[in-house]
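Novice: Can you look at this prediction? I've put the sequence above it.
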Amino acid sequence: MLMLDELMPWSAPPLRLGREWVMAPDAASLRARWDVLVGAEAGERDALFGCTRARTPRSAVSQLPGQSTGTGRLVREDGRCPAPVRVLHGAFDEQWLIPDHRLIDVARPELWRVADQQQVFVVEQGYVTGVPGGAVVVSALLPDGRSPAGRPGRIRPLYRRPGGLEPNLAPGLLSALRSAYGREVDADEVVAWVLAVAESSPAGCVVPLPADPQVWLTGVELGRRIKEIQLRGARGGARPRLPGGRRPYVRAAVPARPGAIGYDAEDEVLSLGDGRISPVPREAWDFEVSGVRVLELWFERRTGEAEVGTLDAIRPASWPQEWTSELLELITVLALLGELREQQRELKVGAEITREELGSVLPPSAAARRPASVLDHHEEGPEGQFALL
C-alpha cells in the first residue's frame, strides 16, 4: 500500500486563522471589518480582534511572502485594508482573505513563498469513517486545508520552488515510473493519477500505482479531466461548462435574504428562499465531500447567523449578484465531477507496482519532506526590518 505522503513528501498542515472574520465570501465585507477594527479605541480593538496566545494587536510579525502588507504592530495601524486575496476554503468554496500576517495565527509562510501562477496545490480532505470518495482536491488558489467536515488534511504543493521548478515528488519516482511504463512521465501526470484513484484511509491517503501502462494512461486521462474542472480555467485550462440544454440559469431572482436552500429532484430546481435555479443536475445536489453536501455548506456559510457586535457580523446587507454567478459555476463544477465519479469507481488498478520495486525511491529522504530554500528576494520582518532567513 503506497501513500500520498510518500509520493509527494513535502506537505504543510492547514492554515490556522485564529479568528473567522479575516475570511469572507466577499471582499467588501473584509474591507469594512478592517475599517471598524482600526477605527476602534485600543481596548475595544482587542475585543474586536479576538486575541489568542499566537496573536494580539501588539504582536510583532513579519510580512507574508509575496504580500505588501504592513509589519508595524497592529495596535498602531491606521491605514487602508490590504487588498484581499482569493483562497480556497475547504474543498470547493472560493472565498477572500486579508493576507496580513498580523491577523493570522499560523499562516504557513512556506506555502505563500511558492504560491504563483505555475503552482498547483493538492489538498487531502481528511478521513471520515464509512464515507467514500473525495480524498483529494486540487487548487490553483492557496487553500486553507480544511475539509467540509472540518477535518484537518494536508496541503501538498506540486512544486517546491516558484516558477514550476522542482516537483514535490519522491526523488527518483519519475525515473522509476518511466522505466515501469516505457515512456516519459511528468509531475502533472502523477497529480492526475492521484486525483483519479486516491482513497482516504485511517492511515492517510492511499495511492496505488498500476503495473499496467495502459491502466496508468486511462487513469491519467480521467484525472486530467478532473483537474481541469477543479481548476476552473486556471493554469491554461478551459472554464467548466455544461452543454446548452443542461446549463443552469436563474429562473427567479434570489431574494435579498434567502431563508433556506432546497432541491426538487423531479424538476431539477434548486431553491434559495423564493429564488429558483434550474436545471440543476442531481449529481450537483448530491455531491458530497467528507460526508457533507457541498451546496448546502456553501449556502450555510453565506447565510448563517453571526454574533451581534463582532466583526464577523459585518456582512452584505443583501445577497450580492456575484454570489449567484459563483453558485452557477459551482453547480457546473459539481455536476461535471459527479458524472466522473462512476468512471473513478470503475477504474480498476489491477496488478500494482510494489514497495519492493520502488526500493530505491521509498522512503523519501528527510530533505524531501522539508521546504526548499526559495528566497531570491528580501522579506520584511517585524517593524520593517528585513527578515533573516
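Specialist: Thanks, I have the structure now.
Novice: which residues touch the closest residue in space to S68 that isn't next to it in sequence?
Specialist: The shortest distance from S68 to any non-neighbouring residue, by Cβ to Cβ, 6 or more residues apart in numbering, is to P82 (7.6 Å). Where you see a C-beta, it was placed from the backbone N, CA and C, and this is true even at glycine. Shown in contact with P82 (Cβ atoms under 8 Å, 6 or more residues apart in numbering): W34, Q67, S68, T69, G70, I98, P99, D100.
Novice: quick one: contacts for the residue nearest to the last one when sequence neighbours are not counted?
Specialist: Among residues not flanking D100 along the chain, T69 sits closest, at 4.4 Å (Cβ to Cβ, 6+ apart). Taking Cβ under 8 Å, 6+ apart as the contact definition, T69 lies against Q63, P82, P99, D100, H101, R102.
Novice: Please pick the buried ones from the contacts of P82.
Specialist: W34, Q67, T69, G70, I98, P99, D100 (16 or more other Cβ atoms under 10 Å).
Novice: can you put the contacts of T69 in JSON lines and add distance to I331, pLDDT and secondary structure?
Specialist: What follows is the contacts of T69, written out as JSON lines (distance: Cβ to Cβ, whole Å; pLDDT from 0 to 100; DSSP: H, G, I helix; E, B strand; the rest coil):
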{"residue": "Q63", "distance to I331": "38", "pLDDT": "91", "secondary structure": "coil"}
{"residue": "P82", "distance to I331": "32", "pLDDT": "96", "secondary structure": "coil"}
{"residue": "P99", "distance to I331": "29", "pLDDT": "97", "secondary structure": "coil"}
{"residue": "D100", "distance to I331": "33", "pLDDT": "96", "secondary structure": "coil"}
{"residue": "H101", "distance to I331": "35", "pLDDT": "96", "secondary structure": "helix"}
{"residue": "R102", "distance to I331": "37", "pLDDT": "96", "secondary structure": "helix"}
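Novice: If we only consider those, which is nearest to H89?
Specialist: P99 (14.1 Å; Cβ to Cβ).
Novice: Hmm, the closest one is touching G70, no?
Specialist: No. Look at P99 against G70 with Cβ atoms under 8 Å: they stay out of range, at 11.5 Å.
Novice: so how far is L340 from E346?
Specialist: According to Cβ to Cβ, to the nearest Å, E346 and L340 sit 10 Å apart.
Novice: who's more crowded, these two?
Specialist: L340 (17 against 8; other Cβ atoms under 10 Å).
Novice: Could you list the domains of the chain?
Specialist: 4-238+347-384, 244-340 (automatic domain parsing).
Novice: Confidence-wise, which of those domains is weakest overall?
Specialist: Least confident of the domains of the chain, judged by mean pLDDT, is domain 4-238+347-384 with a mean of 92.
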